[in-house]
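Student: structure for the following, please:
(4 chains, ligands or ions: 4)
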Protein chains: 2
Amino acid sequence: MQKTSPPVQDYLKTIYELTREGRPASTNAIAERLRLQPASVTGMLQRLAARQPPLVTYRKRHGVQLTPAGRRVALEVIRHHRLLETFLVEKLGFRWDEVHEEACRLEHVISERMEERIAAVLGDPLFDPHGAPIPRADLTLPQREELPLTQVPGGSRIRILRVPDDDPALLRRLDALQLRPGTEARIRTQSPLEAVVTLEVAGRPPIPLGYPVGALVFVEVLS
Amino acid sequence: MQKTSPPVQDYLKTIYELTREGRPASTNAIAERLRLQPASVTGMLQRLAARQPPLVTYRKRHGVQLTPAGRRVALEVIRHHRLLETFLVEKLGFRWDEVHEEACRLEHVISERMEERIAAVLGDPLFDPHGAPIPRADLTLPQREELPLTQVPGGSRIRILRVPDDDPALLRRLDALQLRPGTEARIRTQSPLEAVVTLEVAGRPPIPLGYPVGALVFVEVLS
DNA sequence: TACTCTATTTAGTCTAGACTAAATAGAGTA
DNA sequence: TACTCTATTTAGTCTAGACTAAATAGAGTA
Ligand SMILES: [Mn+2]
Ligand SMILES: [Mn+2]
Ligand SMILES: [Mn+2]
Ligand SMILES: [Mn+2]
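Tutor: Ligands and ions are numbered 1, 2, ... in the order given. Down below sits the predicted model:
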């Protein structure tokens, strides 16, 4: 792994996430995620593509994809991030809404040795506190079937697998509603036209979620 | 505490250590410790002195001292550093020769929240694995009588309090010789002319230490 | 086929923090 | 009182990574 700066690592991580569905990441999408000006992103993309070896393939006005070298860096940083989040929650008593920002700074400076020690004391976890998969030391990802809550038919029984990690206010709200990885629920109604999915958790009052939120909550269908 | 970059924090930490005996730190001494060119240090000292509030008082060709604001930043970073070293050894199973470099990167990015959590799980330790005092949350330092090994009269019984933290090879050697904080020994000979102090630890063969090393090992005199 | 609009790029700046090479202050010596 | 030597400073560069303002490619529309 060539030496990369924290900004470069955050770009690669963002591009990794934006290209999960196979299509190149756009300049503006990257700029929005990283809260930078699009012009700054264009400059960085050109530098990432010009590195030896190149970390992205960049086609002007068509967006970027990661090269194998870029993907390795991204997965390495994501492994750091998710191990750190898990460690902060499990061993240091952080709440799950406090860890993302801390992990986003620490992920760039921990050594491979520290990564290895953290993984060891946690017992090589495969998922972080938000249910996101933690790349293994060989950078492979644990696979499983996930569906966004917005795509599950009404009436299904589901188990929550994963929630978004970067919005502390939402995380506190989900926690208060007991919507955490592992929680089982029934889809009471699925209403694409109103863009609302309503959950029912063990006799508690029904919980309506709008699609912008529901699309970020991933579940497995139990029946 | 105003926002300070990692380089600025390392400068302030270094200046703190170089000015422990009250005299200003010289440009060259700082450059040597940080492995930078003296010209680069001059530039930084001018910037540190020009900040609002100033972090150092800088008299051209006479060296720098920390202002109260600069001292606060230095102590805050030193607290991070020493808590981290302790945590890495106690909770993550690092050896004492591995932690300095790791702590020197992490010290700049952990939040006050994380500092607080680490201190809590460690039980608010007052000394790090090398015996260095850890500034308390209010930035006061635990005080105690320390003498460099080179200044203890021959024949004295001593207990090792503190060893230098930044030389991994020396730390491994000291560990192999069982010269660690807490170890008790007798000064077999103190020879300023030959610049050697010889220690005797519990029936093991005598251990001669040259003054460049002896001056960095601090002890308390038992009798 | 020309026009419009938006996403993106280009051009030019700025800052922090490093560097090298050359100048110089001033302590100590002749 | 002038000279020498070393530590330090000055002057000028460079790089990464940000910014703003202006230009433009090219998809979609008239
Ligand atoms: Mn996160
Ligand atoms: Mn980050
Ligand atoms: Mn240290
Ligand atoms: Mn440091």
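Student: quick one: average pLDDT of the top helix by length along chain A?
Tutor: The helix that spans the most residues within chain A, counting by DSSP state H, is helix A:68-92. Per-region confidence: helix A:68-92 scores 98 on mean pLDDT.
Student: stretch A:184-201 too?
Tutor: Averaging pLDDT along stretch A:184-201 yields 94.
Student: please identify the buried residues of it?
Tutor: By 16 or more other C-beta atoms under 10 Å in any protein chain shown, the buried positions in stretch A:184-201 come out as A:Ala185, A:Arg186, A:Ile187, A:Gln190, A:Val196, A:Val197, A:Thr198, A:Leu199, A:Val201. Bear in mind the C-beta positions are built from the backbone N, C-alpha and C, glycine included.
Student: what does the strand ranked longest in chain A contact?
Tutor: Using DSSP state E, we find that the single longest strand of chain A is strand A:184-191. With contact meaning C-beta atoms under 8 Å, 6 or more residues apart in numbering or on different chains, strand A:184-191 is reached by A:149-150, A:152-160, A:179, A:196-202, A:206, A:222.
Student: mind giving me the ChimeraX command for buried ones among these?
Tutor: Paste this into ChimeraX to select the buried members of these, with burial taken from 16+ other C-beta under 10 Å:
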select /A:149,150,152,158,160,179,196,197,198,199,201
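Student: and the contacts of strand A:184-191, which of them are in strands?
Tutor: Short answer: these in strands (DSSP E) are A:Arg157, A:Ile158, A:Arg159, A:Ile160, A:Val196, A:Val197, A:Thr198, A:Leu199, A:Glu200.
Student: biggest separation within those residues, which pair?
Tutor: A:Arg159 and A:Val196 (20.5 Å; C-beta to C-beta).
Student: what segments of chain A are helices?
Tutor: For chain A, applying DSSP H gives helices covering A:6-18, A:27-34, A:38-50, A:68-92, A:99-106, A:112-122, A:168-176, A:211-214.
Student: which of the ones you listed sits closest to B:Phe218?
Tutor: Using C-beta to C-beta, these put helix A:112-122 closest to B:Phe218, at 28.4 Å.
Student: the closest one versus helix B:68-92: what angle between them?
Tutor: Going by axes from the mean of the first three to the mean of the last three C-alpha atoms, to 10 degrees, helix A:112-122 is angled at 50 degrees with respect to helix B:68-92.
Student: I'd guessed A:Leu222 sits against A:Gly155; true?
Tutor: No. Look at A:Leu222 against A:Gly155 with C-beta atoms under 8 Å: they stay out of range, at 11.7 Å.
Student: hang on, the earlier thing: dump the buried residues of stretch A:184-201 to a markdown table, plus distance to DNA strand C.
Tutor: Output for the buried residues of stretch A:184-201, formatted as a markdown table (distance: C-beta to the nearest atom of the strand, whole Å):
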| residue | distance to DNA strand C |
| --- | --- |
| A:Ala185 | 36 |
| A:Arg186 | 39 |
| A:Ile187 | 34 |
| A:Gln190 | 30 |
| A:Val196 | 27 |
| A:Val197 | 28 |
| A:Thr198 | 33 |
| A:Leu199 | 33 |
| A:Val201 | 38 |
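Student: chain B: which of these is nearest?
Tutor: Ranked by distance to chain B (C-beta to the nearest C-beta), the buried residues of stretch A:184-201 are led by A:Val201 at 30.6 Å.
Student: does that closest one touch A:Leu174 like I think?
Tutor: No. With contact defined as C-beta under 8 Å, A:Val201 does not count as touching A:Leu174 (11.5 Å).
Student: coming back round to it: go through the helices of chain A and name the closest to B:Gly210.
Tutor: If we rank the helices of chain A by C-beta to C-beta, the stretch that ends up nearest is helix A:112-122, at 31.2 Å.
Student: quick one, domains of chain A?
Tutor: For chain A, the structural domains run A:6-66, A:77-142, A:147-221, going by automatic domain parsing.
Student: turn those into JSON lines, columns for distance to ligand 4.
Tutor: Formatted as JSON lines, those follow (distance: least, C-beta to the ion, whole Å):
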{"stretch": "domain A:6-66", "distance to ligand 4": "15"}
{"stretch": "domain A:77-142", "distance to ligand 4": "10"}
{"stretch": "domain A:147-221", "distance to ligand 4": "28"}
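Student: before we move on, back to that, which one of the helices of chain A lies nearest to ligand 3?
Tutor: Among the helices of chain A, the nearest to ligand 3 by C-beta to the ion is helix A:112-122 (15.0 Å).
Student: quick one: average pLDDT of the closest one?
Tutor: Average pLDDT, helix A:112-122: 98.
Student: kindly report the same for stretch A:21-40.
Tutor: Taken as a whole, stretch A:21-40 carries a mean pLDDT of 96.
Student: please see if it touches ligand 1.
Tutor: No. Stretch A:21-40 stays clear of ligand 1 (C-beta under 5 Å from the ion), getting no nearer than 12.6 Å.
Student: start to end distance for that stretch?
Tutor: 25 Å (C-alpha to C-alpha, to the nearest Å).
Student: what does it contact?
Tutor: By C-beta under 8 Å, 6+ apart, the residues outside stretch A:21-40 that reach it are A:10-11, A:14-15, A:17-19, A:41-42, A:45, A:59, A:62-65.
Student: surely A:Gly93 meets B:Glu116?
Tutor: No. Counting by C-beta under 8 Å, A:Gly93 sits too far from B:Glu116 to count as a contact (10.2 Å).
Student: just want to know which of these two has more residues nearby.
Tutor: Neighbours per residue, other C-beta atoms under 10 Å in any protein chain shown: of A:Gly93 and B:Glu116, the larger number sits with B:Glu116, 14 against 11.
Student: skip the chain neighbours and tell me the closest residue to that one.
Tutor: Excluding the flanking residues, the one nearest B:Glu116 by C-beta to C-beta, 6 or more residues apart in numbering or on different chains is B:Ala137, at 7.5 Å.
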